[in-house]
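Participant: Structure of the sequence below:
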Amino acid sequence: MRLIPTGHALSIFLAITFTLCIAWGLVAPPSLHMHGAWEQLLPGFEFISVSSFFLGLIESYVYGWYIALVFVPLYRLFNRQKA
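Facilitator: Just a heads-up that it's a prediction; the model follows:
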């Protein structure tokens, strides 16, 4: 498993998921919104303003890289072939 492709894949996945959740929040009834969860997970995010959306998008992307930076070395450690 390679770090850079995994980092980009996870980051883009989280950014797309964030964008879809925000879009859902704009069209769904308030009882079905997820903005409360996003506000707790993403520091500074408030539903909904343009600047807050882009902040959440950037934070989602950064979280993807954080996961990759932790996960890939752990995967490599536990997936080592014994000589």
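Participant: For residue 44, give me phi and psi.
Facilitator: Main-chain dihedrals, residue 44, degrees, to the nearest 10: phi 90, psi -10.
Participant: Check the one 3 residues further on too.
Facilitator: Backbone torsions for residue 47, taken as degrees, to the nearest 10, come to phi -80, psi 130.
Participant: Tell me if I'm right that it and residue 34 touch.
Facilitator: No. Counting by CB atoms under 8 Å, residue 47 stays clear of residue 34, with 9.1 Å between them. Bear in mind the C-beta positions are built from the backbone N, C-alpha and C, glycine included.
Participant: Which neighbours do the two have in common?
Facilitator: residue 25 (CB atoms under 8 Å, 6 or more residues apart in numbering).
Participant: By mean pLDDT, point me to the weakest helix or strand of this structure.
Facilitator: helix 35-41 (a mean of 79; mean pLDDT, DSSP states H and E).
Participant: helices or strands up against it?
Facilitator: For helix 35-41, the elements it packs on are helix 3-27, judged by 3 or more CB pairs under 8 Å, 6 or more residues apart in numbering; DSSP states H and E.
Participant: For residue 41, see how far away residue 23 is.
Facilitator: Noted for residue 23: a distance of 17 Å to residue 41, by CB to CB, to the nearest Å.
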